[in-house]
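Have a look at this prediction, sequence included:
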Number of protein chains: 2
Amino acid sequence: MTEITKLQSACSQCNLQELCLPVGLSETELSVVDNLVGERRKIARGEAIFRSGDRFTAIYAVKLGFFKTEVLSEDGRHQVTSFYMTGEVLGMDGISAETHHCDAIALEDSEVCLIPFHELETISVKVPTLQRHLHRVMSREIVRDQGMMMMLGAMHAEERVIAFLLNLSQRYAARGYAARDFNLRMTREEIGSYLGLKLETVSRTFSHLQEEGLLQVEKKHIRLVDTVRLKKMLSQDRL
Amino acid sequence: MTEITKLQSACSQCNLQELCLPVGLSETELSVVDNLVGERRKIARGEAIFRSGDRFTAIYAVKLGFFKTEVLSEDGRHQVTSFYMTGEVLGMDGISAETHHCDAIALEDSEVCLIPFHELETISVKVPTLQRHLHRVMSREIVRDQGMMMMLGAMHAEERVIAFLLNLSQRYAARGYAARDFNLRMTREEIGSYLGLKLETVSRTFSHLQEEGLLQVEKKHIRLVDTVRLKKMLSQDRL
DNA sequence: CGCAATTTTGATTTTGATCAACTTCTGTGG
DNA sequence: CCACAGAAGTTGATCAAAATCAAAATTGCG
């Protein structure tokens, strides 16, 4: 029984390898990683992997499910800073001060693989491929955040919503899911928080894009009807 | 002559150590770093260290001067994503794709220390303290970006301007400069771009805060008159 | 099933953008 | 060293986008 569990949770057996792990590890390197990534943890919908202020010990690869991270300022304000889906790695905000700076909340029943960070640092000394991969994952987060700032600082409501949907679409596609047809895991309010908009604005924008025949919205289900035109609306606007 | 230049550019002799390098390196470790951080490069005002699309080879520690980074989307839009001052490290956006995703422009005549990244990776295998420091620096950038998103997504114009000034103040203070009295290195337009506001709004907000007796503005010179109240305005608003 | 949470839609207000005019500053060449 | 052109900054009037307030409809837990 424990045998089976172990086998299932081994990175070498995981079908997400390409996403959270570097490709091209040797057999022996893979087994090192298998030993590193020990625990797998179930997180029920609404529960947190970690919260702001928690001591940082590990980063987490999403094995299954969907997460949001949100930061909260001293006053009541809070903002969703990111959504994470299968194969993506979260928690790297905690490295700098050994403390997490945001809450990571499951938007559906989920499962994460726990990667103890200090062990990862130790091991990556011996497996340079792993070290480079870690740096890339962190850098990718930086680049993504820059894009986000661009969006929040320079785009209008409609453009933000379109960019959000196209980004989701592209990430689903990368995972082999339908790119044009998917279910939102988050509420309008969470989308709004992420995009720096109010939930009413998100709702109105959905309705408007539907009227224009660009997409179909039915509660949480989205169908992108005209991706070409949607993409054009992103780059063309404000020329 | 070359002797002197070498000595001057050696990290072990640099008065910024605490900022861009880890504390507590041994003599031998420091000399390793000295060899790594080879070149020092002067960047004239208005010139770029690197531009979007440039091949990534190194990260850069600001030895002297002041920089902005800005991202540009396919259409003409561009946005300032960060300002960097003495002792801060920039260029880490390039790691993920071996290509830079933004322009890094000097706002005054400046000097940077060039840290070849692949060599840094190699060496950090032998100097774990250095590896950990690198990870912290990268993580700090992620945390900073999250704060920025919060600001762009959840704050009003006046709050953004205040947050911006207080952040500058705090960074100047950390470098031993006056915290309440400093010169802006960037234009109103650049501040606006960074804060997701128009330059007129920045100007008006300055004027308004001055009328309120919270600060004094004279062209590029800022004096924070009532930091206590300014801080309060940040956290109290929207309660 | 029932109630709280979520979503949609409408009316109104507010914030910051836009347009415009004018001033000040900076740096350059005569 | 001054004149001048272009850049940068201020201020005012108006406009537009998104927020806010409000009410009704729908959904999905427990």
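Perfect, I can see it now.

Could you find the closest non-adjacent residue to the residue positioned nearest the centre of chain A?
In chain A, the residue lying closest to the centroid (Cα atoms, centre = their mean) is residue A:84, at 1.7 Å. Excluding its sequence neighbours, the residue lying closest to residue A:84 (Cβ to Cβ, 6 or more residues apart in numbering or on different chains) is residue A:67, at 4.4 Å. Where C-beta positions appear, they are placed from N, C-alpha and C, glycine not excepted.

what about the strands in chain A?
Along chain A, counting by DSSP state E, strands occupy A:40-43, A:48-50, A:58-64, A:66-72, A:78-85, A:89-90, A:103-106, A:110-116, A:181-183, A:215-218, A:221-224.

Quick one: closest of those strands to residue B:201.
strand A:78-85 (21.0 Å; Cβ to Cβ).

which neighbours does the closest one have in its sheet, and in what orientation?
Strand pairing for strand A:78-85, determined by DSSP bridges: strand A:66-72 (antiparallel).

when you scan the partner strand, is anything in it near DNA strand C?
No: residues of strand A:66-72 contacting DNA strand C under Cβ under 7 Å from any atom of the strand: none, with a closest distance of 12.1 Å.

ok now that strand, how far from the chain's centre?
9 Å (Cα atoms, centre = their mean, to the nearest Å).

which outside residues touch that strand?
Residues outside strand A:66-72 that contact it (Cβ atoms under 8 Å, 6 or more residues apart in numbering or on different chains) are A:43, A:49, A:52, A:78-85, A:90, A:93, A:101-108, A:110, A:185-186, A:190, A:193-194, B:146-147, B:149-150.

what number of residues lie near residue A:28?
8 (other Cβ atoms under 10 Å in any protein chain shown).

Let me see the confidence value for it.
Per-residue confidence (pLDDT) for residue A:28: 84.

Mind putting the strands of chain A into JSON lines with distance to DNA strand D and mean pLDDT?
Shown next, in JSON lines, are these (distance: least, Cβ to the nearest atom of the strand, whole Å; pLDDT from 0 to 100):
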{"stretch": "strand A:40-43", "distance to DNA strand D": "15", "mean pLDDT": "91"}
{"stretch": "strand A:48-50", "distance to DNA strand D": "16", "mean pLDDT": "96"}
{"stretch": "strand A:58-64", "distance to DNA strand D": "18", "mean pLDDT": "93"}
{"stretch": "strand A:66-72", "distance to DNA strand D": "13", "mean pLDDT": "94"}
{"stretch": "strand A:78-85", "distance to DNA strand D": "12", "mean pLDDT": "94"}
{"stretch": "strand A:89-90", "distance to DNA strand D": "23", "mean pLDDT": "94"}
{"stretch": "strand A:103-106", "distance to DNA strand D": "13", "mean pLDDT": "96"}
{"stretch": "strand A:110-116", "distance to DNA strand D": "15", "mean pLDDT": "93"}
{"stretch": "strand A:181-183", "distance to DNA strand D": "9", "mean pLDDT": "93"}
{"stretch": "strand A:215-218", "distance to DNA strand D": "7", "mean pLDDT": "93"}
{"stretch": "strand A:221-224", "distance to DNA strand D": "9", "mean pLDDT": "95"}
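
Of all the ones you listed, which one comes closest to residue B:228?
Closest among the strands of chain A, using Cβ to Cβ: strand A:66-72, at 22.8 Å.

re the thing from before, list only buried entries from the contacts of strand A:66-72.
A:43, A:49, A:52, A:78-85, A:90, A:93, A:101-107, A:110, A:185-186, A:190, A:193-194, B:146-147, B:149-150 (16 or more other Cβ atoms under 10 Å in any protein chain shown).

before we move on, back to that, the residue nearest to the centre of chain A touches residue A:64, doesn't it?
No: with contacts counted by Cβ atoms under 8 Å, residue A:84 stays clear of residue A:64, the gap being 11.7 Å.

Just the terminal-to-terminal distance for stretch A:146-165.
18 Å (Cα to Cα, to the nearest Å).

Equivalent analysis for stretch A:185-201, please.
The first-to-last residue distance of stretch A:185-201 comes to 18 Å (Cα to Cα).

Report the rounded mean pLDDT for it.
For stretch A:185-201, the per-residue pLDDT averages 96.

That one: how far from the chain's middle?
That offset, for stretch A:185-201, works out to 16 Å (Cα atoms, centre = their mean).

Report the inter-axis angle for the longest helix seen in chain A versus strand B:66-72.
Ranked by residue count under DSSP state H, the longest helix found in chain A is helix A:128-154. Interaxial angle of helix A:128-154 relative to strand B:66-72 (axes from the mean of the first three to the mean of the last three Cα atoms, to 10 degrees): 80 degrees.

Flag every buried residue along helix A:128-154.
In helix A:128-154, counting by 16+ other Cβ under 10 Å, buried: A:130-135, A:137-154.

Which neighbouring elements make contact with it?
helix A:27-36, helix A:117-126, helix A:157-174, strand B:66-72, strand B:78-85, helix B:117-126, helix B:128-154, helix B:188-195 (3 or more Cβ pairs under 8 Å, 6 or more residues apart in numbering or on different chains; DSSP states H and E).

Of those, which is nearest residue A:217?
Among the helices and strands packed on helix A:128-154, if distance is taken as Cβ to Cβ, the winner is helix A:157-174, at 9.9 Å.

Okay, domains of chain A per the record?
Domain segmentation of chain A under automatic domain parsing yields A:3-125, A:155-232.

Distance to residue B:218 added to those, as JSON lines?
Output for the domains of chain A, formatted as JSON lines (distance: least, Cβ to Cβ, whole Å):
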{"stretch": "domain A:3-125", "distance to residue B:218": "31"}
{"stretch": "domain A:155-232", "distance to residue B:218": "33"}
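
Among these, single out whichever gets nearest to residue B:200.
domain A:155-232 (18.2 Å).

Show me what from chain A comes close to DNA strand C.
A:187-189, A:199-200, A:202-204, A:206-207, A:217, A:219-220.

and if we set it to 6 Å?
Counting by Cβ under 6 Å from any atom of the strand, the residues of chain A close to DNA strand C are A:187, A:188, A:189, A:199, A:200, A:203, A:204, A:206, A:207, A:217.

how about the closest residue to the second one other than its chain neighbours, what does it touch?
If I follow you right, that is residue A:188. Nearest non-adjacent residue to residue A:188, counting by Cβ to Cβ, 6+ apart: residue A:199, 4.3 Å away. Residue A:199 sits next to A:187, A:188, A:189, A:191, A:192 when contact means Cβ under 8 Å, 6+ apart.

Over to residue A:126?
residue A:32.

mind checking how far it is from residue A:29?
For residue A:126, the distance to residue A:29 (Cβ to Cβ, to the nearest Å) stands at 9 Å.
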